[in-house]
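Chemist: Show me how the following folds:
(3 chains)
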Amino acid sequence: MSALSLKGLSKNFGPFAAVRPTDLEIASGEFFAILGPSGCGKTTLLRMIAGYEHPDSGKVFLGNTDITSLRPQERGIGMVFQNYALFPHMTVFENVAFGLRARKASAKLFPKLSPKLSNDAIRSQVLAALESVRLSEKSRSSVPALSGGEQQRVAVARALVIRPRLLLFDEPLSNLDIALRLQTREEIRTLQRSTGITTVYVTHDQGEAMSLADRIAVMRAGRVEQSGDPGMLYNSPASTFVAEFLGGATLIDCDLNGPQRLVSWGGISLAIPAGFPSPEPGPAVLAIKPEGLSLAEGEEGGVMQATVRSREYTGFTTTFTLLAGGRVLKALVVSTPETGSVVPGTSVSLRVDWRHCSLYAARR
Amino acid sequence: MKPLLVLAVGLACAGCSKSGVTPIVVYSPHGKELLVSFAREYEQAHPECAVQWLDMGSQDVYDRVRTEKENPQADIWWGGPMTAFARAEREGLLERYVPSWDSVSVPAYRSPGRFWYGTFLTPEVIMYNSNRITPAQAPKDWDDLLDPAWRGKIVIRSPLASGTMRIIFSSIILREMQRGGSPGSGFEWLRKLDANTKTYAADPTQLYIAIAREEGLVTLWDLPDVMLQVETHHYPFAYVLPASGTPLITDGIALVRGAKHPEEAKRFYEFVTSRPGMTRQAREFFRIPARRDIPPSDLPPWMQKLEIRALPVNFDTLADHEKEWMKTWDEKVRGRGAASGAE
Amino acid sequence: MRSRSPATLLAISLLVAVFGIFVLYPLGATVAESLHAGGELSLDHYRFLFDMSNRVNLEAVGNSVYVSVVSVVFSGVIGLFLAFVFTQCRFPLRPLLARLAVLPVALPPLVGVIAFLFVFGETGIIPRGLQLLFGTAGPVLPAGGIAGVILVHVYSFHVYFYLFVSAALGTLEGSQLEAATGLGSGPWRTFVRVVLPELRPGLLAASALTFMSSMASFTAPLLFAGGKHFITLQIYASKLNGDMDLAAAQSVLLTAVSLAFYLFLTLGPARPSGYARKGPASAGLITPGKLPGRVMVVAAFTLLAVELLPVIAILALSLAREGSWTTQWVPSAYTLGNYTAFFADASLLVPVVNSLEMALLALAASLAFGVTAAFLVSRTRNRVFSTWANLALTLPYAVPGTVVAVAFILAFNRPVLPGLPALLVGTFWILPLAYFVREYPVVIRSVAASLEGMDGSLLEAASGLGAGPLRRFRSVALPALLPGILSGGVLVLIGSLGEFVSSILLYTYDSRPVSVEILAQLRLFNIGAAAAYSVVLMLIILLLLRLSGGLLASDRRMSYIL
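Modeler: This is a model prediction of the structure:
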C-alpha cells in the first residue's frame, strides 16, 4: 500500500494551469523528490499535499484516508519551508514546541484526535528533536541570532517533532551556501533513514535530487515527464527535457536515416550502434551528455571533427565547449596533461560513447 | 487577559450616566458670565439639580435643536432672536408653555401660540474701538458704514451662525426694500458694506480680538454684549445707537419639545424669567427686560436713560425670508463687494 | 472554495455588518438625501451646485482646489528640503531635531490652527514683534485670508513629504550615489537622474495625501478664510441655514473629489519599497562643511524654529492672564491660574476625561475591526480582490470629517432599523462611533503594511503544525503585527483626542470633547484657558508618542500608514 497517493490532482491559477492532472504513488518510508525548473508546478503540487492549496480536481490519499478536504492543521504533515518560516518572536525551543502545544490545546477539545501531552513530555520531545539536529545548546536562542544553517535545522526539528506521517521539504537548501548545502543534504538523508518517515522533497537541483531520493519525478509545465529511480532517469531519459535537465545533455536537431542507421547534421554523420533504441526515420533530436564525448588521440581517431572554442578547467575534470557541424557541444573529460595542451582554436577528433546518448523523434 | 477584561468593563461603563443629580440641559448664546451666574444660583436653590449649559451661536442652537429633533438633548433654549424661535415653532421643535407671568408679557414679544416668550429687548449697535476712534469720528448711522473712509476697517462676525448678524442684515434688507421696493437694493447696500469689510470673524471672540487688537476698528453688534465686554474684560469698546433707528431684537426662551426633564426645565424657565432674575440680568448683564412689570427704578441708570429709536421691522416678513436672504447673501454678496464697487 | 471555519465566518459577518451600518449606510443616506429636494426625487441640488449664473459653489470648490494645489507645491518644497538636510547631512542633535520635524503631525488640527493664528495671524506675535522692531505703522507680514489658510496647510502637511521622502532616501543605497559619482556625475546630476526617480512614488503619494487633507480642511478656512468661500465651509453654512439636502449634495461633491485622489493614492504609484537594501544607507549628497551645505543646514534650522514657534506660543499663552493681550506683541501679565484652576475645579477636567474615554472607545473598536479586517483581507490570495477590499474598507479615509458628521446626522437621527431604538444623534455614543469611522482606516493601513512585511509561510507553517485559526492569529500573526497595531492604535488615539471637525457638529453636553471646549473657551475669550487645554492635549499626545516607542521616528512606517 502506498503511503501517499495523488489521483488526478490538478490546479489552475486563472488561465494558467499550474499542475495538470497528476497521479503519483509514494511508498511508505520512501524518499521521493520532485524535480523541475522554476514554474513547473512542483511547489504547487507539494502545497496541495500539505493542504495549503486546494486542488481543482483529484484527490490526495494518506494511506487509505482521503485527506483532500482536510485543513492543513488536520493532516499531521510536517513541512520545511524554503525560507524556514520560523516564528521570529519565539525562541528555538518555543518554535519547536509550537506544534506540540497546538496539539495539546486541541486535545482538550478533541481528546480522541490527538494524544494528550504533559508539559514535561513536550519538553523532552522538543529537546530530543533538537538533539537530533545537534541544536540542544541553542534551545534558548532567539531565531534571528541563528545562522542560516542552524535556522534550517530548527525548521527540520520543528517539522519532525510532531511525528508527522509525511515530511515535506520545499527547496530547503536553496538559501545555504554550497559547502553547507552538501553537508545539510547528507544530514537530511541520514535523519530520514533513521526515522523512516515518508518524505517528499521539492528541488530544482538535479544533483540534490539524485543524491537524496529513492525515486524522482521530473516535472515540466505542470506535468510529470518521467518518474523512477535516479539511475533509470539518468540512463534512460524518456524525453529530451529529462535528458537535458537531469543529464545536462546537449540537444542536436538532426536527421535520422533509417536504412543506413545514420544520424547527420551540418555535414557530420554518426553511425548508430546496433540495438540502440531509435525512433522512426526522419527529423530527430540527438541528446549527448557531456560525459558521452571524449577527445580521441591524434587528429583522426574519433568519429567526428570539432573545433575547441573554450576550456573550463575544474581540477579533476575539464569541460570543453566545442563546435561540430555548426552546433555547440560540451565534452566532460578527466583532466590529463594532454587535455591541458588543447587550447581554444585547436581542431580535435571526438569519440562518442552511445551509453550517454539518446535519440528522440523531433518535436513538432 | 485580565487587563483586557478590565479595560473592556471600564470602557463599557464609560458610556454610562455620570451623576445621580437631575441635569437640566440649557442651550444658550448668552455667554459664560451670565450662564455661570444663574446656573450657580439655581443649583444653590435646588441642590438636586445640575445645570448643564452649552454656549453657542443662536443659529447653532436652532440647528442643533433641529438636528436632535428625534432625540432632544436640550431641555431649554434660552436666548436668541425671536425669528429663530418662530422658525423652530413652525417646525414643531418647541413645547408650548405658559409661564406664570404671562399676564405681564407684551403680545408683540411672545409667540401667539405661547410656544416662546421674549425675555430681553436687545438693540443692535455700531461698536468701535474707543482707543482709536473718538465719539465724534465714529459712524453715526448704518449708512455711514458705507463711507469709503471705513474701507478695510470693518470686521464683522460671520453672519450665518450668528442670530444677531442675521437680524441686522435682514433688517437692513427690509429697510432698503421699503425704500427701494425690492430686496435687490438691500443686497446692493450689503455689497457696499462687504466692500468696506476687511474680514468676517469666525466667532464673537475672534471679533472682539480683532477690534481690541485693532485689526479692525468698527463692527455691527448688540448692545448688552458690548457693555459686558467693556465691563468684564475692560476692552476699549464703545457703541453708537444708529440715528435712523435700530432693529430691536426680542431674545426668547422656550422649552424644547420632547425634552428629557420637562418639569425641571419649567422650574428653571420660571427662575430665570422671574422678576428678581430679570432685574439682576438688567443690572449685572445689561439686559433690557421684556416684562412690563419691572419698575424703571429697579433698572440701572444707563438703561433708564437709554433712548432707543426702534427700526420698524416686520419680524414675520423677516422670519419668512431670513433663510433665503442669508443664503443669497452668502452666495452673491460675501467677498464680492470690492468687485462690485469696481464695476 | 473550501468551507471556512465558523470563527472566520462569524468574523466576516460581523465586519460586514459594522461596515454596512456605520460606513455604507450613512454615506448612502447622504447620497440619497442629496438627490431629494422638498421630499421629491430631484437633481435640483446638483443643478444648483453647477449653476453657472450663481457660481458660489463652483467658486468654493475652485478656492479649495486652488489652496490645495498651492499647499501641495509649498509643502513639497519644504518637506523635500527638510528631508534632504536631515538624512543627508551630519550635524549635532540630528536625531532629536529630526523627530521635532514631524511634530506638526501630532498637533491636533484645531490647536495647530489656533496656535498659528496667535503667532502668525494679523496681530500675532511675529507680525506685531516685527512691527515693534521696525517701527512700521502696521503689523509686518501678517498671515490671513487665503494665504493664511495655505500657510497653515503647509505647516501641517509638509510633514507628509518629509516622511515619505525620508523613507525613500533611507532605502536609497549609498553605493548607488557612489557609483553615480564614480561615473563622473556631479551632485545636481546625481540628484536629478538618480535620486529623484527613486523619490517619485513617495512624492506622488505625499502630494495626493496633502491634496486630500487640504480639500477636507475645515478649521483653517473657518478661522482664516474671512470672506472667501471654501467647500467645507459651504457644507457647514448649508447645514446651519437648515438646508440639509444641499449640505448633502455639497458633501457628495467634496467626497467625490477626495475619493478620486484616494484612488490615485492607493492604486497609483507604488510606495517606497519596504525592504531596506543591502549596503549602507546613503549619506553625503550634501557636505555640511562646505558653504552651500552650511547654508542649507542654517535654513533647515530656521524652518524648524518656525515650526516650533506655535507650540511655544501656546505654552506661553496658557500662562497669560486673561485680558492682558490686546495690542501688546506678547501678553503683559502672566499667571499659573489657568492650570491651578484644573485642580481647584475638577469639573474643568470633564472635557479632557470625555476625550480620553471616547478616544479609548474608538481605539478599542478600531483595533477590533481594523486588525480583523486587515488580517482577513490579507488571507485571500486574489490580489485584485484584496486590493479592492482594502480600498473599500479604508473608504472613510477619503471622507472629510465634515462629511462624516453630515452623514451621521442624516443616517442616525432616526432609528437605523425600524423598531430598533438605536437612535444615535444626541447620544454619547455618536462621537466615539464617528471617531471610530474616521480613524479605523489607519489601523487597517498600518496592519496591512505589517502584513505585507510578514512572511505568509509563517501562518502556513503554524497550520501545518496543527494550529487552528484562533491559535494562528494569536500566537503567530498578532506578535508579528504588533508594531503595526501599536502605531495604528497610537494614531487612532491622537486623531480621536484632538478631533474637532466632526465633533463640533455631533457633540452633546455629556460628550463635549477637549477640542470643542477649546473653541468654547476661545468663543468666551478665555485665551489662556483655551491655551491651557491645548497644552494638556499636547502633553497627552506627546506622552502617547513616547509610550509608543518613537513611532514618529520611523519615517518608513509612517510613510506606509499615512
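
Chemist: Count the residues that sit near residue C:432.
Modeler: Neighbouring residues of residue C:432 were enumerated by other C-beta atoms under 10 Å in any protein chain shown; the total is 23. Quick note: C-beta positions are derived from backbone N, CA and C, even for glycine.

Chemist: what about residue A:82, how many neighbours?
Modeler: 16.

Chemist: Now do the SS call for it.
Modeler: coil (DSSP: H, G, I helix; E, B strand; the rest coil).

Chemist: which ones are touching residue 80?
Modeler: Since no chain was named, I'll use chain A. A:152, A:155-156, A:159, A:167-170, A:172 (C-beta atoms under 8 Å, 6 or more residues apart in numbering or on different chains).

Chemist: Hmm, no, I was thinking of chain C.
Modeler: C:161, C:165, C:199, C:203.

Chemist: can we see that at 6 Å?
Modeler: Residue C:80 makes contacts with C:161, C:165, as judged by C-beta atoms under 6 Å, 6 or more residues apart in numbering or on different chains.

Chemist: Distance of the residue lying closest to residue B:102 once chain neighbours are set aside relative to residue B:61?
Modeler: Leaving aside its chain neighbours, residue B:102 sits nearest to residue B:114 (7.4 Å; criterion: C-beta to C-beta, 6 or more residues apart in numbering or on different chains). Applying C-beta to C-beta, to the nearest Å, the value for residue B:114 to residue B:61 is 20 Å.

Chemist: more neighbours, those two?
Modeler: The neighbour comparison of residue B:114 against residue B:61 (other C-beta under 10 Å) goes to residue B:61, with 27 against 16.

Chemist: quick one: what helix or strand has the more buried one in it?
Modeler: Counting by DSSP states H and E, the element that carries residue B:61 is helix B:58-67.

Chemist: what sits up against that helix?
Modeler: Against helix B:58-67 from outside (C-beta under 6 Å, 6+ apart): B:27, B:29, B:77, B:80, B:84, B:88, B:93, B:161, B:163, B:256, C:240, C:409.

Chemist: Can you get me a residue count around the first one?
Modeler: Put plainly, it is residue B:27. That count, for residue B:27 with other C-beta under 10 Å as the rule, works out to 26.

Chemist: Same check on the fourth one?
Modeler: Taking other C-beta under 10 Å as the criterion, the count of residues near residue B:80 is 31.

Chemist: Settle this for me: it is touching residue B:162, isn't it.
Modeler: No - using C-beta atoms under 6 Å, residue B:80 is not in contact with residue B:162; the gap is 9.9 Å.

Chemist: Just give the nearest non-adjacent residue to residue 151, would you?
Modeler: Just going to use chain A. Closest to residue A:151 by C-beta to C-beta, 6+ apart is residue A:84, at 5.0 Å.

Chemist: wrong one, I was asking about chain C
Modeler: Nearest residue to residue C:151 in three dimensions, chain neighbours excluded: residue C:143, at 4.9 Å (C-beta to C-beta, 6+ apart).

Chemist: any idea whether the one you found is helix, strand or coil?
Modeler: Strictly by three-state DSSP, residue C:143 counts as coil.

Chemist: swap in residue A:333?
Modeler: Per three-state DSSP, residue A:333 ends up strand.

Chemist: which residues does residue C:525 contact?
Modeler: B:205, B:208.

Chemist: Please report how far it lies from residue C:220.
Modeler: Taken as C-beta to C-beta, the span from residue C:525 to residue C:220 is 21 Å.

Chemist: now stretch A:269-283: mean pLDDT?
Modeler: In this model, stretch A:269-283 has an average pLDDT of 86.

Chemist: would you put the C-alpha positions of that stretch in PDB?
Modeler: Coordinates of each C-alpha in stretch A:269-283 appear next as PDB, following Å, rounded to 0.1, in the frame of the first residue of the first chain:
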ATOM      1  CA  SER A 269      27.200  11.700 -39.900                       C
ATOM      2  CA  LEU A 270      27.300   9.300 -37.000                       C
ATOM      3  CA  ALA A 271      26.600   5.600 -37.200                       C
ATOM      4  CA  ILE A 272      24.100   4.300 -34.700                       C
ATOM      5  CA  PRO A 273      25.200   1.100 -32.900                       C
ATOM      6  CA  ALA A 274      23.100  -1.900 -33.400                       C
ATOM      7  CA  GLY A 275      20.300  -2.300 -30.900                       C
ATOM      8  CA  PHE A 276      20.300   1.400 -29.900                       C
ATOM      9  CA  PRO A 277      16.700   2.400 -29.400                       C
ATOM     10  CA  SER A 278      15.700   4.900 -32.100                       C
ATOM     11  CA  PRO A 279      12.500   6.400 -33.300                       C
ATOM     12  CA  GLU A 280      11.100   6.400 -36.800                       C
ATOM     13  CA  PRO A 281      13.400   7.700 -39.500                       C
ATOM     14  CA  GLY A 282      13.100  11.400 -40.300                       C
ATOM     15  CA  PRO A 283      13.900  14.600 -38.300                       C
END
